[in-house]
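**Student:** model this:
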Amino acid sequence: MDFLIEPLGYDFMLRGLTGGLLAATACAILSAFVVWRGMSFMGDALAHSVLPGIVFAYWAGFSLLWGALGAAVLVVAGIGWASRKEGLREDAAIGVVFAGFFALGILMLSKVATAADLGHILFGNILGVSKQDLIFMAIVTVFVVLATVLTFKELVAASFDPSHARAIGLSPSLVRFILLGLLALTTVVALRTVGVVLVLALLVTPGAPASMVSKRLWGIMALSVSLAFLSTILGFYASYYADVPSGPAIVLALTLFFLFFSGIGQIQKHRRQRRS
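**Tutor:** Next up is the predicted model:
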């Protein structure tokens with residue numbers, strides 16, 4: 001019991017764990033949509049494209065999360081604008097905006113700071129979550145969860161049957177734009193825990209094993225959140241006791257869960273084949 005209780009005796013540890021669980025909630029609740037809609041590339045693009053905002057915030061001296069949020073909004077708007085150009089596919093628009101913003105971020109990083117200065121953002125530092133960060137993360141997470149619940153039917157309709165969505169008066173493009181906005185907010189929330197480099201894993205990996213176990217979207221979302229919670233807690237204790245970065249520890253825990261459920265799926269498939 002002392003092993004579990006000792007880290008919780010420090011305020012910065014409690015803030016870190018709370019921040020990690022908030023990020024896990026925001027990412028995992030959207031993970032099902034990311035996996036089912038094949039939006040992994042979009043998640044990776046958003047994660048890396050916020051780098052200019054982070055570097056600018058570092059240079060200007062205000063919260064890095066606010067800088068990341070501003071960059072994420074610009075990225076989503078840029079993708080929306082570029083994808084409307086005639087003859088340009090959406091994946092091409094994402095690639096153009098992603099590459100441009102990421103290149104700008106690298107250029108700014110070379111002039112303003114070093115990778116060591118922003119290492120906690122690039123690779124995550126769950127133990128460095130401040131009170132201001134925690135308030136910001138809580139507000140954004142609550143907004144993401146409420147927006148997902150309130151637009152759940154629209155998100156499902158536009159994701160799985162765009163033709164039916166148009167028939168009932170929904171705009172799949174508008175719904176996708178809403179989902180992109182939520183992903184942008186979620187990416188910003190996850191920066192403190194897993195960092196820019198690994199935020200894609202927190203958006204994709206929880207939904208992948210969950211979709212192997214459940215075929216109902218609510219079930220996938222619930223299991224995704226549970227796996228993200230467990231992985232965050234494991235990464236939290238690994239970061240404290242083993243003195244390793246929180247981001248890689250959380251992602252490795254998620255990867256182990258993925259391998260575990262993959263093994264279960266293979267065993268179940270083999271048993272069904274034997275019965276038939």
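
**Student:** so where do the helices sit in the stretch 151-276 of the chain?
**Tutor:** 152-160, 162-167, 172-204, 207-213, 217-241, 246-275 (DSSP state H, counting those that start in this stretch).

**Student:** between those helices, which gets nearest to Gly80?
**Tutor:** In terms of C-beta to C-beta, the element of the helices of the stretch 151-276 of the chain nearest to Gly80 is helix 172-204, at 5.8 Å. C-beta coordinates here come from the backbone N, C-alpha and C atoms, glycine included.

**Student:** Report the angle between that closest one and helix 246-275.
**Tutor:** Between helix 172-204 and helix 246-275, the angle comes out at 100 degrees (axes from the mean of the first three to the mean of the last three C-alpha atoms, to 10 degrees).

**Student:** What are the buried residues along helix 172-204?
**Tutor:** Of the residues in helix 172-204, those buried by neighbour count under the rule 16 or more other C-beta atoms under 10 Å are 172, 175-204.

**Student:** ok so, going back, name the stretch among the helices of the stretch 151-276 of the chain that sits most buried.
**Tutor:** helix 172-204 (a mean of 24; mean count of other C-beta atoms under 10 Å).

**Student:** ok now do the closest residue to Leu65 other than its chain neighbours, which residues does it touch?
**Tutor:** The shortest distance from Leu65 to any non-neighbouring residue, by C-beta to C-beta, 6 or more residues apart in numbering, is to Phe136 (5.3 Å). Residues in contact with Phe136 (C-beta atoms under 8 Å, 6 or more residues apart in numbering) are Ser63, Leu65, Trp66.

**Student:** Read off the pLDDT value for Phe136.
**Tutor:** Phe136 is assigned a predicted lDDT (pLDDT) of 85.

**Student:** Great, nothing more from me.
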